[in-house]
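# I need the structure of the sequence given here:
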Amino acid sequence: MFALIDGNNFYASCERIFQPELRGKPLVVLSNNDGCAIARSEEAKALGISMGHPIHKVEPRVRRQLAIRSANFGLYGDISARIGTILREAVPRVEVYSIDECFLDLTGIRNRRELALDLHHRVRRWTGIPNCVGIAPTKTLAKLANHVAKDAARKPGSYPAELAAVCDLSALSPSEMDGILQATPVGELWGVGHRWAARLQARGVQTAADLRDVSSDELLTEFGVVMARTQREIQGHSCMELAEVEPDRQQIMVSRSFGAALSHPGEMSEALATFAVRATEKLRQRGLTTCAVGVFAQTNAFKPGVPQHSTSRSLPLASATSDARVVLQTVRRLSAGMLRKGHAYTKAGICLMDLARPDQLQADLFTPARVGDDKLMATLDAINRRFGRYVAGLGATGWQRSAVWHSRQEHLSGRFTTRLSDLPRANC
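Okay, the predicted model is just below:
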C-alpha cells in the first residue's frame, strides 16, 4: 500500500511561510531570469495565469493584481528536506519523488487514514506547507488519489467531503472507484503524456476506466510496456516499487538563460567556467566521475530579426575525472572559436556525460582510469559547505564578481532558513 503526500502550489506556499502579507493574494513564482510562471497560487490561477505563462504577456490590469517572486530554490529545497525528515520519522520507507512529492510505504499499517491525517496536519503545522495525501495499492493510483484529495479540498461538492485532504482509494467500494476512474480523463493519469493521450483518445480510450478495461494485448502491441504497466497499476496490481535511493544519473547538465545577451568571448568563457564548476560539484556530491564533456550556446530564437546561431560540441576524456580543473580545461578547448562574431548569445550550458562510479572504471595499458586531485576538490567542497558557496573557487569563474550574464532575479525573497542575515526577526 502506497501513499503520496504532495505540497499544494509548493513554491508559492514556501514564499508565504515567511511573508504572511502574500497569503490570500494572487502570487506567481517566476522561472530563472524572471521569464515565465512556474508556480501559481489558487488566486493567480483564478485570474487565468497558466503554467509557463510569460510574465511580460500578462495583461496590465491582471499584472497589477499579482504579487511576483523570483524562484528561490535554496528556500524551496530546504523546506522540502524538512518535510522529508518529518515523513521519515513516521514511516520506515520514503521515496522523495520530487521537490514537493514523496511516496510512502504503508504496508502493514492498519490505521492508514489516521496516520495520513496526522502527517497532513503535522507537515502543515511544522512547516507551514498545505498538502494533500493520496492512498492506494499502487503508485499510479496513489497519484490519482492525491489528485482527488486536492480537487475535493479545492472544490467542495465535487467529491464526498471525506475525500478532502486525505483520499484512501482502497477504502472505496467498487462502484465508487469506478465513478472516479470514469471521471478522470486519460491524459491526467501519471505516465500518460499529451501525445499518448491523443493516440489513446483516437482509439476510443477517453477515461481512466476505459484504459483499465481496454485489451491488454492490443495496448502492449500499440503502446509498449510502459502503457501496459500503467494499465496494470490502474487495475490495482503494483508494478513499481518504492525507490528509496536515487539511481545514478547518466548525465549532469548545468545551463542558464543570461540576464543580458553576451557577444564577448571572455564573458562567455566566464559563464561556462562557472557552469563547469557547478556541474562538477554535483558530480562529486553523487560520488560519480565523468568520461565526456559537452558545451552548447545559442542566440535568442524568439528574436528573428537578429543573427541566429546555435552550436554544440562534445569531447570524450582520456580518463574519468571529478576534478573541476580538468573539466575546465576541456571546456576551454571546446569553446575556443565556438562563437560567431556579431552574434548575441542568450543561453549556454555544460553537460557531463558517461557518468560512472570510481569503482566501476576500467583502465587500459596507456592511461589511468581516473585523473585529478580528489583531496583538493574535497577540501574546496568542505570550505564552501561550511562558509557558504563560492567562498573559495576558481579564478576563471569570475569568482564572487557580479557579472552581466547572471540571471535576473529582481523579485527574489530572502533565504529565510539558510542565511543568518535573512532570518526573520520577531518584534517584541
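# could you list every residue that touches the residue lying closest to Ile17 once chain neighbours are set aside?
In this structure, Ile17 finds its nearest non-sequential neighbour in Gly128, 4.0 Å apart by C-beta to C-beta, 6 or more residues apart in numbering. Just so you know, the C-beta spots here come from the backbone N, C-alpha and C atoms, and that holds for glycine as well. Each residue near Gly128 by C-beta atoms under 8 Å, 6 or more residues apart in numbering is listed here: 13, 16-17.
# now, which of the residues you listed sits nearest Pro174?
Ser13 (35.4 Å; C-beta to C-beta).
# and that closest one, what is it in contact with?
So Ser13 contacts 7, 128-130 (C-beta under 8 Å, 6+ apart).
# repeat for Asp6
Listed by C-beta under 8 Å, 6+ apart, the contact set of Asp6 reads 100-101, 131-134, 146, 150.
# and the gap between it and Val225?
Note on Asp6: its distance to Val225, by C-beta to C-beta, to the nearest Å, is 27 Å.
# Please enumerate the strands of the stretch 201-350 of the chain.
Using DSSP state E, counting those that start in this stretch, the strands of the stretch 201-350 of the chain run over residues 252-262, 290-299, 310-321, 345-353.
# For Thr184, which of the ones you listed is the nearest?
When the strands of the stretch 201-350 of the chain are compared (using C-beta to C-beta), the closest one is strand 252-262, at 33.9 Å.
# ok, back up a step: same list (the strands of the stretch 201-350 of the chain) but as TSV, adding mean neighbour count and mean pLDDT.
TSV is the format used below for those (neighbours: other C-beta atoms under 10 Å; pLDDT from 0 to 100):
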stretch	mean neighbour count	mean pLDDT
strand 252-262	18	88
strand 290-299	21	94
strand 310-321	16	92
strand 345-353	22	93
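# Relative to Pro368, which of these is closest?
Pro368 lies closest to strand 310-321 among the strands of the stretch 201-350 of the chain, at 5.3 Å (C-beta to C-beta).
# Sheet partners, orientation included, of the closest one?
Sheet pairing of strand 310-321 (DSSP bridges) gives strand 290-299 (antiparallel), strand 370-371 (parallel).
# Following the last one in sequence, what is the next regular element?
As assigned by DSSP states H and E, the chain's next helix or strand after strand 370-371 is helix 374-387.
# any idea of the mean pLDDT in that next one?
Average pLDDT, helix 374-387: 91.
# Mind listing what's buried along it?
377, 380-381 (16 or more other C-beta atoms under 10 Å).
# if I look at the residue lying farthest from the centre of the chain, how far off is Arg122?
Going by C-alpha atoms, centre = their mean, the residue of the chain most distant from its centre is Leu365, 41.7 Å out. Going from Leu365 to Arg122 by C-beta to C-beta gives 59 Å.
# Could you do Ala44 as well?
27 Å.
# Counting neighbours, go ahead and name the busier of those two.
Ala44 (26 against 16; other C-beta atoms under 10 Å).
# excluding its backbone neighbours, what's nearest the more buried one?
Pro26 (4.1 Å).
# cool, Ala392 as well?
Ala392 sits nearest to Ile383 (C-beta to C-beta, 6+ apart), 4.5 Å away.
# Show me this structure divided up by domain.
1-172, 174-247, 252-397 (automatic domain parsing).
# Of the ones you listed, which is nearest Arg425?
domain 1-172 (10.9 Å).
# any idea how far the closest one is from the chain center?
14 Å (C-alpha atoms, centre = their mean, to the nearest Å).
# Same question for stretch 186-197.
With C-alpha atoms, centre = their mean, you get 19 Å for stretch 186-197.
# Other residues contacting it?
Outside stretch 186-197, the residues that reach it (C-beta under 8 Å, 6+ apart) are 139-140, 143-144, 147, 185, 200-201, 205-208, 210-211, 223, 226-227, 229-230, 233-234.
# now the residues you listed: which count as buried?
Buried among the contacts of stretch 186-197 (16+ other C-beta under 10 Å): 139-140, 143-144, 147, 200, 205, 207-208, 210-211, 223, 227, 229-230, 233-234.
# These in helices, which ones?
139-140, 143-144, 147, 200, 208, 210-211, 223, 227, 229-230, 233-234 (DSSP state H).
# Find the residue closest to Gln251 in space, skipping its chain neighbours.
Met353 (4.8 Å).
# and the one you found, what are its bridge partners?
Ala292.
# So it is in contact with Cys291, correct?
Yes - using C-beta atoms under 8 Å, Met353 is in contact with Cys291, at 7.2 Å.
# and the closest residue to Ala271 other than its chain neighbours, which of the three is it?
Excluding its sequence neighbours, the residue lying closest to Ala271 (C-beta to C-beta, 6+ apart) is Trp405, at 4.7 Å. Three-state call for Trp405 (DSSP: H, G, I helix; E, B strand; the rest coil): coil.
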